[in-house]
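J.: Sequence plus predicted model, see below.
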Amino acid sequence: MGPQQPLISIITPSYNANLFIEHTIDSVRKQTFQNWEMVIVDDCSTDDTPDKLQFYEKIDERIHVIYLNQNGGAAVARNIALQHAKGRFVAFLDSDDCWKPEKLEKQLNFMQTNDYAFTFTGYEFVSNEGVQLNKRIGAPKQVSYNGMLKNTIIGCLTVMIDRSIVGQIQMPNIRTRQDLATWLAILKKGIIAYGLNENLAEYRIGNPSISRNKWKAAKMNWFVYRKVEKLNLIKAFWCFSHYALHAVVKRI
């Protein structure tokens, strides 16, 4: 890619990610689109994640790591990364997930060709060992604010945003589902999220705590509806029932 290509800033929070962080970073370095920077904020890891991050900093000048002295959670880490990001476009990738090699190239082309400000793609589930679980989540053609309330279909690891249109992004400081709250805040402005229905990312899911995580996600969705979006009780129940139905279908 020539110098005329826009810079894409990749936002990655990391915490005790020593088992997967190398796979995550390698999936970025293997991208067919190469004009990127990866802003990693290590949230005071207690394992050897910082050692691995220091290694990658030395071998690739596009990788920038910020080391926090106190654990603040994913929202804090992402916001710090966003503040340091230099790119017009920002993409999100957690420290245990991966991208397919053509992810950035295809998604950027999708955005530039259609003049889209907010896009996402399809993705698949893999095990802790990286084995495909034969479950893919497709991307609908578009999602509006009301559509997102009823179906939280947008995977954080697939999102790319043009900040020249959307403006600066800051996630609310809640421990989980801060990504959902952020997408809702953007969509509430009247911006539409457009889906590129190709499987371009791998979402790692740990088997031991799936049920607990689903229950936690459901509770946090309810929190977002009531406390962040301030939906009245009837609309919150209506949206939550649709969310629950879609969540079940998504995992069948």
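T.: Right, received. Where do you want to start?

J.: for residue 226, what are its contacts?
T.: With contacts taken as C-beta atoms under 8 Å, 6 or more residues apart in numbering, residue 226 has the following neighbours: 233, 236. All C-beta atoms are positioned from the backbone trio N, CA, C, and that covers glycine.

J.: One more pass at 6 Å, please.
T.: Contact partners of residue 226, counting by C-beta atoms under 6 Å, 6 or more residues apart in numbering, are residue 236.

J.: how close does it get to residue 239?
T.: Distance from residue 226 to residue 239, counting by C-beta to C-beta, to the nearest Å: 10 Å.

J.: can you check residue 93 too?
T.: Using C-beta to C-beta, we find residue 93 at a distance of 28 Å from residue 239.

J.: Could you do residue 167 as well?
T.: Taken as C-beta to C-beta, the spacing of residue 167 relative to residue 239 amounts to 26 Å.

J.: Between the two, which is the more surrounded one?
T.: Just comparing residue 167 and residue 239: by other C-beta atoms under 10 Å the higher neighbour count belongs to residue 239, 22 against 13.

J.: Spell out the secondary structure type for the more buried one.
T.: Under DSSP: H, G, I helix; E, B strand; the rest coil, the three-state class of residue 239 is helix.

J.: got it, and the one 4 residues further on?
T.: When classified by three-state DSSP, residue 243 comes out as helix.

J.: Contacts only, for it.
T.: Residue 243 touches residue 221, counting by C-beta under 6 Å, 6+ apart.

J.: can we see that at 8 Å?
T.: With C-beta under 8 Å, 6+ apart, residue 243 has these contacts: 149, 150, 151, 152, 218, 221.

J.: burial of residue 166, as a residue count?
T.: Using other C-beta under 10 Å: residue 166 sits among 15 other residues.

J.: so which helix or strand takes in residue 140?
T.: Assigned by DSSP states H and E, residue 140 belongs to no helix or strand.

J.: The closest residue to it other than its chain neighbours bridge partners, please.
T.: The shortest distance from residue 140 to any non-neighbouring residue, by C-beta to C-beta, 6 or more residues apart in numbering, is to residue 195 (5.1 Å). Here residue 195 sits in beta bridges with residue 120, going by DSSP bridges.

J.: Contacts only, for residue 195.
T.: For residue 195, the contact set (C-beta under 8 Å, 6+ apart) comprises 119, 120, 121, 122, 138, 139, 140, 141, 142, 143, 153.

J.: Format these as CSV; extra columns: neighbour count and distance to residue 160.
T.: Written out in CSV, the entries for these read as follows (neighbours: other C-beta atoms under 10 Å; distance: C-beta to C-beta, whole Å):
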residue, neighbour count, distance to residue 160
119, 25, 5
120, 27, 8
121, 26, 8
122, 19, 13
138, 13, 17
139, 23, 12
140, 15, 16
141, 9, 16
142, 13, 15
143, 23, 14
153, 20, 16
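
J.: re the thing from before, quick one: the residue nearest to residue 140 from residue 132, how far?
T.: Relative to residue 132, residue 195 is positioned 21 Å away (criterion: C-beta to C-beta).

J.: got the buried residues for stretch 189-197?
T.: 191, 192, 193, 194, 195, 196 (16 or more other C-beta atoms under 10 Å).

J.: hang on, residue 38 in a strand?
T.: Yes: Residue 38 forms part of a strand when assessed by three-state DSSP.

J.: give me every residue that touches the closest residue in space to it that isn't next to it in sequence.
T.: Sequence neighbours aside, residue 10 is the residue nearest to residue 38 in space, at 4.4 Å (criterion: C-beta to C-beta, 6+ apart). The neighbourhood of residue 10, defined by C-beta under 8 Å, 6+ apart, consists of 28, 36, 37, 38, 39, 90, 91, 92, 93.
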